[in-house]
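Participant: what's the 3D shape of this:
(one chain, ligands or ions: 1)
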Amino acid sequence: MLIDLTGKVAIVTGAARGIGRTIADRLLAEGVAVEAWDARWPDAAETGPSALRTGASAASSPHARSSDDGGELIPSVVDVTDGAAVARAVEAARERHGRVDILVNNAGITIEAPVEEMAEADWARVIDVNLTGVFTVCRAVAPLMREQAAGRIINASSFAAIIPSIGGAAYAASKAGVVSLTRVLASELGPWGVTVNAYAPGMVPSDINHFTERPAVEQAALLDTLSLRRWEEADDVADLVCFLASDQAKYITGSLIDVSGGKFATQRPHLAHRAATTAGPSGADRTASDGAPPLADAALSARLSATDPSTPA
Ligand SMILES: NC(=O)c1ccc[n+]([C@@H]2O[C@H](COP(=O)([O-])OP(=O)(O)OC[C@H]3O[C@@H](n4cnc5c(N)ncnc54)[C@H](O)[C@@H]3O)[C@@H](O)[C@H]2O)c1
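Facilitator: Sure, this is the predicted structure:
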């Protein structure tokens with residue numbers, strides 16, 4: 001199965017850094033014309049925001065890039081909370097390419113505080129960017145996709161929409177809202193063959209979370225929640241986005257896809273990692289002699305119990 005996105009046109013929001021930048025670069029490498037939006041581009045102070053504004057000048061911006069497969073990346077300053085700027089940027093994309101095949105609503109922020117201490121303005125800001133921003137961009141792009149009778153809308157939700165964290169009420173609520181918006185829009189655009197999906201990353205170290213700058217013991221505790229027990233890479237998310245954008249994903253819509261490396265897929269997944277470390281790289285002694293699956297192996301069960309006395313028999 002080969003994914004071929006050559007010649008498609010995409011809008012990616014929050015594309016200046018983090019996961020959005022990787023998604024934009026991956027689409028570019030796949031031969032896509034990428035309208036890369038962000039509210040804040042690095043070095044904008046030196047280059048001047050006008051060098052990045054949507055229009056002919058965008059191509060001369062230091063952030064403009066092209067790929068061997070005919071892809072191009074056209075950077076623009078677009079704040080997803082500014083409805084007028086979003087409408088102008090969608091119109092500019094339509095003038096430039098005649099269509100928009102893929103929309104990736106990636107832009108997001110977080111402001112954390114216990115509910116009782118959260119300022120109303122901070123709550124509103126998180127909802128504004130993460131949820132209303134997705135609504136604003138979807139509303140501007142949907143008519144174009146209906147006209148085309150084709151399109152892929154791919155929205156960044158979060159694992160926090162599945163299991164929220166203390167202090168993250170606004171973020172979790174915004175990301176859960178994205179899931180409901182995604183499902184409704186999937187049905188509303190279904191008759192035109194437009195698919196709408198959301199994805200839930202787990203823990204990609206980035207400016208939003210500074211995971212890898214936390215104390216080692218805290219990092220270990222976070223990694224202990226994952227079946228795959230490694231930090232997620234932005235490329236893990238970009239792989240999923242490319243798949244959802246492809247023809248191969250044409251029958252997937254209204255879904256929230258968990259791309260978290262198996263976060264809390266079970267209770268205490270780290271016990272399996274400890275056991276695997278004990279078993280050695282081949283894991284040879286994990287296979288029961290009667291061919292039963294590894295977790296039914298008495299030796300493994302004994303080791304699990306030895307590592308954590310609270311493990312049920
Ligand atoms: N990093 C993770 O572990 C993780 C986990 C789950 C979900 N997510 C989601 O993935 C997305 C990307 O996260 P990230 O870790 O790359 O964050 P990041 O902070 O590195 O990047 C976010 C980008 O969005 C841009 N942005 C912020 N507000 C904007 C606005 N109003 N308009 C346009 N652009 C704006 C920022 O300038 C930045 O370039 C977010 O929606 C986030 O909630 C991330």
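
Participant: and the stretch 1-150 of the chain, which residues reach the ligand?
Facilitator: 13-14, 16-20, 38-40, 79-81, 106-109, 129, 133 (CB under 6 Å from any ligand atom). No exception for glycine: its C-beta is placed from N, CA and C like everyone else's.

Participant: center of the chain, which residue is that?
Facilitator: Ala156 (4.3 Å; CA atoms, centre = their mean).

Participant: with adjacent residues omitted, what lies nearest to that residue?
Facilitator: Asn106 (4.7 Å; CB to CB, 6 or more residues apart in numbering).

Participant: distance of the one you found from Asp4?
Facilitator: 22 Å (CB to CB, to the nearest Å).

Participant: tell me which of those two has more neighbours.
Facilitator: Taking neighbours as other CB atoms under 10 Å, Asn106 and Asp4 compare with Asn106 leading, 26 against 11.

Participant: surely the more buried one touches Thr22?
Facilitator: No - assessed by CB atoms under 8 Å, Asn106 is found out of contact with Thr22, at 9.7 Å.

Participant: count the residues that sit near the residue nearest to Ile166 when sequence neighbours are not counted.
Facilitator: The spatially closest residue to Ile166, leaving aside those adjacent along the chain, is Pro114, at 7.3 Å (CB to CB, 6+ apart). Residues near Pro114, counting by other CB under 10 Å, number 10.

Participant: can you check Leu223 too?
Facilitator: By other CB under 10 Å, neighbour count at Leu223 equals 18.

Participant: pretty sure it contacts Glu232?
Facilitator: No - if you go by CB under 8 Å, Leu223 and Glu232 don't touch, sitting 10.5 Å apart.

Participant: returning to what we had before: contacts only, for the residue nearest to Ala156.
Facilitator: Val12, Thr13, Gly14, Ala15, Ile19, Gly20, Ile23, Ala156 (CB atoms under 8 Å, 6 or more residues apart in numbering).

Participant: could you pull up phi and psi at Ser246?
Facilitator: Main-chain dihedrals, Ser246, degrees, to the nearest 10: phi -90, psi 170.

Participant: ditto for Lys8
Facilitator: phi -80, psi 160.

Participant: sec struct for the nearest residue to His63 once chain neighbours are set aside, please.
Facilitator: With sequence-adjacent residues excluded and distances taken as CB to CB, 6+ apart, His63 is closest to Pro75, at 4.0 Å. Here Pro75 is strand, with the state taken from DSSP: H, G, I helix; E, B strand; the rest coil.

Participant: in the sheet, who's paired with Pro75?
Facilitator: Beta-bridge pairing for Pro75 (DSSP bridges): Ala36.

Participant: next one: Arg152
Facilitator: The partner residues for Arg152, given DSSP bridges, come to Ile102, Thr195.

Participant: count of residues packed around it?
Facilitator: Counted with other CB under 10 Å, Arg152 comes out at 26.

Participant: distance check, it against the ligand.
Facilitator: Distance, Arg152 to the ligand, by CB to the nearest ligand atom, to the nearest Å: 17 Å.

Participant: likewise Met1?
Facilitator: Counting by CB to the nearest ligand atom, the gap from Met1 to the ligand is 26 Å.

Participant: and the pLDDT for Val178?
Facilitator: pLDDT for Val178: 99.

Participant: can you tell me which residues contact it?
Facilitator: Asn105, Asn130, Leu131, Val134, Asn155, Ala156, Ser157, Ala161, Ala198.

Participant: using JSON lines, lay out those residues together with secondary structure.
Facilitator: Formatted as JSON lines, those follow (three-state DSSP):
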{"residue": "Asn105", "secondary structure": "strand"}
{"residue": "Asn130", "secondary structure": "helix"}
{"residue": "Leu131", "secondary structure": "helix"}
{"residue": "Val134", "secondary structure": "helix"}
{"residue": "Asn155", "secondary structure": "strand"}
{"residue": "Ala156", "secondary structure": "strand"}
{"residue": "Ser157", "secondary structure": "coil"}
{"residue": "Ala161", "secondary structure": "helix"}
{"residue": "Ala198", "secondary structure": "strand"}
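
Participant: biggest helix in this structure, by residue count?
Facilitator: helix 169-189 (DSSP state H).

Participant: got the domain boundaries for the protein?
Facilitator: 9-259, 270-307 (automatic domain parsing).

Participant: can you say which of these is packed in most?
Facilitator: domain 9-259 (a mean of 19; mean count of other CB atoms under 10 Å).

Participant: gap between that domain and the chain center?
Facilitator: Centroid separation for domain 9-259 versus its chain: 6 Å, with CA atoms, centre = their mean, to the nearest Å.

Participant: what secondary structure does His273 sit in?
Facilitator: Reduced to three states by three-state DSSP, His273 is helix.

Participant: roughly how far apart are it and Met118?
Facilitator: 36 Å.

Participant: one more: Ala279?
Facilitator: The value you get for Ala279 to Met118, if CB to CB is used, is 46 Å.
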